[in-house]
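J.: Sharing a sequence plus its predicted fold:
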Amino acid sequence: MNKKMNKINEYVSIMAIFSFFVVVLIVGFIDDVDAIKAKGSHGYLSPKSYGSATNNLVCGDRLCSAVLQEEKADSISREIKGLEFAKPSETIELSDEDFLQLEAKPIVKKINDDLIRMYGFNGQIPGPLLKVKQGNNLTVYFTNNIELETTIHWHGLRLKDNNSDGFPYINQEPIRPGESFLYNIDFPDAGIFFYHPHLRGDLQMELGLYGNILVEPSLKNYNQVDLEIPLILDDIKIENGDVAEFSKDYARYTLMGRFGNTMLVNGNTEYNLDVNEGNIVRFYLSNPANSRTFNFSIEEHQLKLVGGDAGKYERESFVESVILGSSERQIIEVLFEKPGIFTLLHKTPEKKYILGTVNVSAKTYPGGDHSDFYKLKENQDVIEEISRFKKYFSAKPDLEIALTLESQIMMERMGHDNGMEMKQQKHYIEWEDEMPIMNSKSTSENTKWILRDKTTGKENFDINYQFKVGDVKKIRILNDPNSMHPMQHPIHMHGQRFLVLSVDGNTSENLVWKDTVLVPAGSTVDILVDFTNTGKWVMHCHILEHEQAGMITAFTVI
Ligand SMILES: [Cu+2]
């Protein structure tokens, strides 16, 4: 009898332990379901829902479990002890079929008087300038040695290999700390492009992970110049001697984006370029700032605008300044005719920022004849290529997309004292953070930026457009003037190219192939997309906090 009771007791104990594990498993499953639901509601995978712990895998020189444990803290490490100092950006000239190693790792950088923990590609901010030729191919062996998961996106490159485009879960799995990934990239278009992470870009790009790719045209049809200079215009938000706080779990400043308070040109607060009197310089401008739109000019100099995102304009023109929304590029040529020190400027209707200087030395030897500089060229190759698309220019839009916002905190604060901030200044472009208090309280959890298909009413990742290679589609983008906070959105499309046909009904007279269009607040923009590359791609706002707060969709090209 006792024996039997013992058996029963043993059985009950085993069942109790078994039931306990079943409950644990079910709770775990519910957590996963919540994570999946969270994905759906935001339309974008929050870092919370990314992979779970791994046992004894080694990440770099530590156990992955230790790395993941560290990641559980809400904020990211700010430790600078033992880190190398950021090196200046080097130029790497590459040939066809070359192999390149890139590594992302923590470094320390001095910005004004502050030593700041940042990230760099190959220890550099900006990352190395990759110089390649149009039509070439490159293999990149990338190693992630930062403490967060990451990926690399090759911004503006119409890649043949969709798996190398870098969008997490669509093109590849996130690269965990200590892991590596092989990218296969090619360069069908000439121009200035850049590479950057596509996972928590708001955090990783702010901390220095970006670099330029200069693709030289296969036909030497650029103007003769004395110097070629890439200028990367950025800003960083510094508070109390460090970069303004990040959460590891969600993006902050999601209403207006993270506006910086310190301007950087090629990573420097005091950029200077030395040239000689009579030099012509071709500047390749790009803007990897989280949110800021730049209006770039050079004191006392005209800018010859020659190229945009993905190549040359149909016609060269002289302009006083060029505007670059986040992630846009512009190529300009400047003749420095007289000696002196001239400032590089970012001018808004209300403010003037000095970004750096150009020091022009007096000529000590007879220079060349630069009278050609004032002759503006028409690029027949570009005009002819674009003329093939003319028949679509006046067609009705194939798709209409509205850009708008749902914000809990703006709803809550209407009528409260912070309503003072909501004076509804309707600017075409928001040059500064106009509502800093509300912006600082906004996160990707309480803000939802929306990209909505007007026909189906579907939003963000629920849209799922389908196209075929060879399709040419007119897309009308309407930036809702009545949203809770109308502001500009730089809309970027992966893997394809487009023409900006018109803004508010005003037809563009001088076209250039692009991958990003700045849609001002309240404006309607028509773009004509040339679908050339197969795969699953994304289209999103390049204000990185807007992207994190949902303003992104995917489309498939077969
Ligand atoms: Cu946006």
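T.: On my side now, so go ahead. Numbering: from 1, shown residues only.

J.: Spit out the contact partners of the closest residue to the ion within the stretch 251-400 of the chain.
T.: Per C-beta to the ion, Gly257 is where the stretch 251-400 of the chain lies closest to the ion, at 7.3 Å. Where you see a C-beta, it was placed from the backbone N, CA and C, and this is true even at glycine. Residues in contact with Gly257, defined by C-beta atoms under 8 Å, 6 or more residues apart in numbering, are 290-292, 326, 433, 543-546.

J.: Three-state assignment for it, please.
T.: coil (DSSP: H, G, I helix; E, B strand; the rest coil).

J.: ditto for the one 3 residues further on
T.: The three-state label given to Gly260 by three-state DSSP is coil.

J.: so who does it touch?
T.: When contacts are counted by C-beta under 8 Å, 6+ apart, Gly260 touches 206, 234-238, 289-290, 292.

J.: Dump these to CSV, plus secondary structure and pLDDT.
T.: Below are the contacts of Gly260 laid out as CSV (DSSP: H, G, I helix; E, B strand; the rest coil; pLDDT from 0 to 100):
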residue, secondary structure, pLDDT
Glu206, coil, 97
Asp234, strand, 98
Asp235, strand, 98
Ile236, strand, 98
Lys237, coil, 97
Ile238, strand, 97
Ala289, coil, 98
Asn290, coil, 98
Arg292, coil, 98
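
J.: quick one: which of those residues has the most company?
T.: Tallying neighbours with other C-beta atoms under 10 Å puts Ala289 at the head of the contacts of Gly260, with 29 neighbours.

J.: Tell me the pLDDT of the residue lying closest to Leu544 once chain neighbours are set aside.
T.: With C-beta to C-beta, 6 or more residues apart in numbering as the criterion, Leu544 has its nearest non-adjacent residue at 4.0 Å, and that residue is Asp202. At Asp202, the predicted lDDT confidence score is 96.

J.: quick one: Asp202 and Ser247 touch, right?
T.: No: using C-beta atoms under 8 Å as the test, Asp202 is too far from Ser247 to be in contact (10.2 Å).

J.: Pick out whichever of those two has more residues nearby.
T.: Between Asp202 and Ser247, counted using other C-beta under 10 Å, the more crowded position is Asp202 (25 against 15).

J.: which SS state does the more buried one fall under?
T.: Assigned by three-state DSSP, the conformation of Asp202 is helix.

J.: residues touching it, list them.
T.: For Asp202, the contacting residues are 246, 251, 258, 290, 544-545, 547-548, by C-beta under 8 Å, 6+ apart.

J.: list the contacts for Val525?
T.: Residues near Val525 by C-beta under 8 Å, 6+ apart: 476-477, 479, 500, 502-504, 517, 519.

J.: Of the residues you listed, select the buried ones using a ChimeraX command.
T.: Only the buried members of the contacts of Val525 enter the following ChimeraX selection, criterion being 16 or more other C-beta atoms under 10 Å:
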select :476,477,479,500,503,517,519
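
J.: Could you tell me the end-to-end distance of stretch 392-406?
T.: End-to-end distance for stretch 392-406, by C-alpha to C-alpha, to the nearest Å: 34 Å.

J.: what about that stretch and the ion, touching?
T.: No: using C-beta under 5 Å from the ion, stretch 392-406 never reaches the ion; the gap is at least 7.0 Å.

J.: circling back to that earlier point, among the contacts of Asp202, which ones are in strands?
T.: Among the contacts of Asp202, none falls in strands (DSSP state E).

J.: any idea which of those is the one closest to Ile558?
T.: Checking these against Ile558 with C-beta to C-beta, the nearest one is Glu547 at 25.2 Å.
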